[in-house]
Structures are given as structure tokens and as C-alpha cells.
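> task: produce atomic coordinates for the following.
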Amino acid sequence: MNVLVIGKGGREHALVYAVSKSAKVDKIYAAPGNPGMAQLAECVDISDSDVEALVAFAKDKQIDLTIVGPEHTLSLGVVDAFQKEGLKIFGPSKDAAQVESSKDFAKKIMVKHGIPTAAYATFDNEEDAVAYVKEQGAPIVVKEDGLKAGKGVTVAQTLEEALDALHIAFSIPNNKVVIEECLCGFEFSLICFVCDDIVLPMQIAQDHKCAYDGDKGPNTGGMGVYSPVKKITPAIIDEAMETIMKPMAKAMMEEGHPFTGFLYGGLMLTDKGIKTIEFNARFGDPEAEVILPRLKSDFVEVIENIMNHKTVELTWDEEVTLGVVMASEGYPASSTKGAVMKGFEDVDSMIFHMGTKEIDGNLVTDGGRVLIVVSKEKTLEEAYKKAYEDVEKITCDKLFYRKDIGKKDMQ
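Just a heads-up that it's a prediction; the model follows:
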């Protein structure tokens, strides 16, 4: 089989890694890929936003299966374009991808179908939004409606923070804002292989969204992650599947938006049960980088089976994976590029490239989140120790990282 993975980040590097372990695959292409993926796949210089060129490439190279990484590519209708040409692609249509590209769309479906989530209201003007926030008080969550690369969310602890977030959001023309009650509890990610009403859960991961230790600072795309999560028991996973993930897939079908692809549930275990923070229409990043290295089943075979409406038993490695993100100085507000990184030859852990470039034989930072170092050990404590030992071997004066990934689950 010839397989194409669309995207250029750490998630796509993990997808390429999973595809490379499949006995069914002869050749892997990544568009546009990155220097890390180049060790496993042929990288092609096609932007992940150039749908027309991606379709033409897939036809020319007789691609048997395409797997989509980024949400913005899905929101451009890449799946619809591939299907129109009779090409097999794993991902949701542009219509179904609204589960992520419009928070208001997702909330309306959840409320209509009784899927547990935070109370909310949607606004298209600052005046009404401000009045609502003042009435509700803080803490409160302000979410910009569209795709914001894992950002665009403010968990406001004070009224002032909430009003600032609204002012920034409404400075963008035609922006809409979803304002939610602030859920408290233990956050986790449950990602499923989905095709219509077939919903196959993967192992649980916990992402760390805030930029700094102790869950301080602005929200990011994710600063570190581990899998499995001790505090999330099989009974909790069953409850999440029966009350959230399966009902959402069924609701999407009933509403005329059948979903195929990776359905990501960002969930919160609260004292009133499990509630939905958000849905995403693709694999999480950095969750992919710790979940996929634990998958023992043939990844490509699983996707093919589920697309043929066959359920399969997934098998998993019992070991713990823990990933620490190394991000560019100034991220998420801004970021630096072009800083040289060294020391990779001494690292035993897996390294997935999130934002790297090769210039004159040197690996350099390319802004935002740059690398994720992923260890795999028998216990969370051992995985934590190993990951941080390896992070310290990578030298670059323009990178920073959190030092407390996984600590919450050790207590």
C-alpha cells in the first residue's frame, strides 16, 4: 500500500511512525512533512492547505489511503475533495469537521442530544457578552468560536480577565464567542476511531494546556502529556463512552453530519460526573505522540477495518509513555525561529518534531512548539525521570519546557 499523511507537526510525525509499523504499507509520503518524518517517509513540498495539489498528488502516486492530521486541512474540505475523486481518505467531511471548527455548532448538538457539557451562551457582539459575563461572574470560560490551534480559550479567574478576553475576541471582525461555566475536576483526553456509529476508544492521555508549571500562564496547544492515566479507571472510560462519545457519533448521524476519522473528546471528571469540555475532529497534538507508540495493533489495518464498518479489538502496550514539549521562547504569544539545536545523538527517548527545519545541515527551531521528547517505561515515575533526563541533553538557548508533566497523577 501507498499511504499519504497530510501535515507537518508532531501529531503527523506520530501518525507516520504508526503507519511505518504496519505490515501492509510499502511506501509512505508526508505532505509537507518535517525533518523528523523524513527518516520514515518521503516528504513532498505541498502545503497542507493546498487541497487541489494534494488531490493531484494522491492520484499521480496511486495513494491507497490518506490520513489527515491538521484541523485546518479538514475545515478546507480535503475529505470531500478526495472522495469526489474516488480516493480513500480517513477524516471527517468539511460539514462534520464543524464539531471542532465551530464551538457553537458542537454545543448545540450536545445540548439537543443530552450530552453532558458545561452550561453556555453564544454571542456575536461585545455588549451582550459583557452583560452576560457580569451577570454570571468569575471564574468563567471565554472561547472564540472558530479554529484557534488549541488556543483562543481563556479560563478567566477574574471578571477583568474575562472582559479583556472578550475585548480581544471582538476586535476580530465577525467573531463569535462561546461563554461557558468553568468546570472543575480532572481533565483527560479520550480519542476514538470513528466511522458513522462505530466508535472504538483508544487509551486515555492527559494533556497539560497551560504554558507554565502548576497550570499557570496562558493556554497553549499542549505542553506535555502522558498515557495511560491512573486516575481514569475502566469504569470511568465506560461511562465516558456510553454518555458522551457514542451518543455524539450517533447525534452527528441523526443531524445529517456523519463522522469518520479521529473524534477527540476533551473531558472533565467532575464531582457531578463526566462532562465535555470540547470535541476535536482530529487526533490530539501532543496526545498522538504518547498514544500511538503504545498501540500494538496494526494502525493501518484498524483504519481499513473501521472504514469497512468492522469493529476490531485494539491491543496496547502496558508501559507508560510521557512526553515533554520543548517550545520556542515567547510561546504562545510569540515565538523565535532559527535557533540551532544540538545533543540529539545522546537521547534514548523518542523525539517527535513539532516545529523544526533543516538549514545548512543544522536542525533549527521553526517557531511555536518545536519538539516533544517521549519516554516509555514501566511506571509513570520512571517515564517522568527518563523523559526529563533526555530533555536536558538537548541544547538550545531559545527553548523552554514545563517541569511538572505527569506530577498530578503521581500524588
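> C-alpha only now, for contacts and for neighbours.
Noted.
> which parts of the stretch 101-250 of the chain are helices?
Assigned by DSSP state H, counting those that start in this stretch, the stretch 101-250 of the chain shows helices spanning 103-112, 126-136, 159-170, 234-240, 246-254.
> would a markdown table of those with distance to Gly152 and mean pLDDT be doable?
Shown next, in a markdown table, are those (distance: least, Cα to Cα, whole Å; pLDDT from 0 to 100):
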| stretch | distance to Gly152 | mean pLDDT |
| --- | --- | --- |
| helix 103-112 | 11 | 94 |
| helix 126-136 | 16 | 94 |
| helix 159-170 | 8 | 93 |
| helix 234-240 | 26 | 97 |
| helix 246-254 | 24 | 98 |
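> relative to Tyr17, which of these is closest?
helix 234-240 (26.2 Å; Cα to Cα).
> Provide the contact partners of the closest one at residue level.
Applying Cα atoms under 8 Å, 6 or more residues apart in numbering, the contact partners of helix 234-240 are Ile274.
> as CSV, could you dump the C-alpha coordinates of that helix?
Taking Å, rounded to 0.1, in the frame of the first residue of the first chain, the C-alpha atoms of helix 234-240 are listed here in CSV:
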residue,chain,number,x,y,z
PRO,A,234,-12.0,1.4,33.2
ALA,A,235,-15.4,2.3,34.8
ILE,A,236,-14.9,6.0,34.1
ILE,A,237,-13.9,5.2,30.4
ASP,A,238,-17.1,3.1,30.0
GLU,A,239,-19.2,6.0,31.4
ALA,A,240,-17.5,8.4,29.0
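> could you list the low-confidence segments of the protein?
Along the chain, segments meeting pLDDT under 70 span 146-151.
> give the contact list for Ser189.
Ile204, Ala205, Gln206, Asp207, Tyr264, Gly265, Gly266, Leu267, Glu287.
> nearest residue to it in space, ignoring adjacent ones along the chain?
Using Cα to Cα, 6 or more residues apart in numbering and skipping the chain neighbours, the partner closest in space to Ser189 is Gly266 (4.9 Å).
> what strand or helix carries Val374?
Using DSSP states H and E, Val374 falls within strand 369-377.
> could you list every helix and strand in contact with that strand?
For strand 369-377, the packing partners by 3 or more Cα pairs under 8 Å, 6 or more residues apart in numbering; DSSP states H and E come out as helix 287-291, strand 320-328, strand 350-353, helix 380-391.
> thinking again about what came up before, export the helices of the stretch 101-250 of the chain to CSV and append columns for distance to Leu4.
Shown next, in CSV, are those (distance: least, Cα to Cα, whole Å):
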stretch, distance to Leu4
helix 103-112, 29
helix 126-136, 43
helix 159-170, 36
helix 234-240, 32
helix 246-254, 26
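> what's around Ala333, how many residues?
Burial of Ala333 is recorded as 10 neighbouring residues (other Cα atoms under 10 Å).
> same deal with the one 10 residues further on?
For Gly343, the number of neighbouring residues by other Cα under 10 Å comes to 13.
> ok so, going back, and the residue nearest to Ser189, which of the three is it?
Assigned by DSSP: H, G, I helix; E, B strand; the rest coil, the conformation of Gly266 is strand.
> what bridges to it?
For Gly266, the beta-bridge assignment (DSSP bridges) gives partners Ser189, Glu278.
> and it, what does it touch?
Here Gly266 is in contact with Glu187, Phe188, Ser189, Leu190, Thr276, Ile277, Glu278, Phe279, Asn280 (Cα under 8 Å, 6+ apart).
> and of the residues you listed, the nearest to Arg11?
Using Cα to Cα, these come closest to Arg11 at Asn280, 13.6 Å.
> what's that closest one in contact with, if anything?
Ala97, Val99, Glu100, Leu263, Tyr264, Gly265, Gly266.
> at 10 Å instead, please
71, 97-103, 106, 147, 150, 191, 262-266 (Cα atoms under 10 Å, 6 or more residues apart in numbering).
> give me the element Val99 is part of.
Going by DSSP H and E, Val99 is in helix 98-101.
> ok, which of the helices of the stretch 101-250 of the chain comes nearest Ile291?
Closest among those, using Cα to Cα: helix 234-240, at 15.3 Å.
> gap between the residue nearest the centre of the chain and Cys192?
Centrality entry for the chain: nearest residue to the mean C-alpha point is Gly284, 1.7 Å, by Cα atoms, centre = their mean. Distance, Gly284 to Cys192, by Cα to Cα, to the nearest Å: 11 Å.
> which neighbours do the two share?
With Cα under 10 Å, 6+ apart as the test, Gly284 and Cys192 both reach Phe262, Leu263, Tyr264, Gly265.
> what sits against Ile204?
Ile204 touches 188-192, 226-230, 232-233, 237, 287, 290-291, counting by Cα under 10 Å, 6+ apart.
> ok, now with 7 Å
Applying Cα atoms under 7 Å, 6 or more residues apart in numbering, we find Ile204 in contact with Phe188, Ser189, Leu190, Ser227, Pro228, Val229.
> what do you get for Asp197?
Asp197 neighbours (Cα under 7 Å, 6+ apart): Ala249, Lys250.
> switch the cut-off to 10 Å
So Asp197 contacts Lys246, Pro247, Met248, Ala249, Lys250, Ala251, Met252, Met253, Pro258, Phe259, Thr260, His309 (Cα under 10 Å, 6+ apart).
> fine by me, thanks again.
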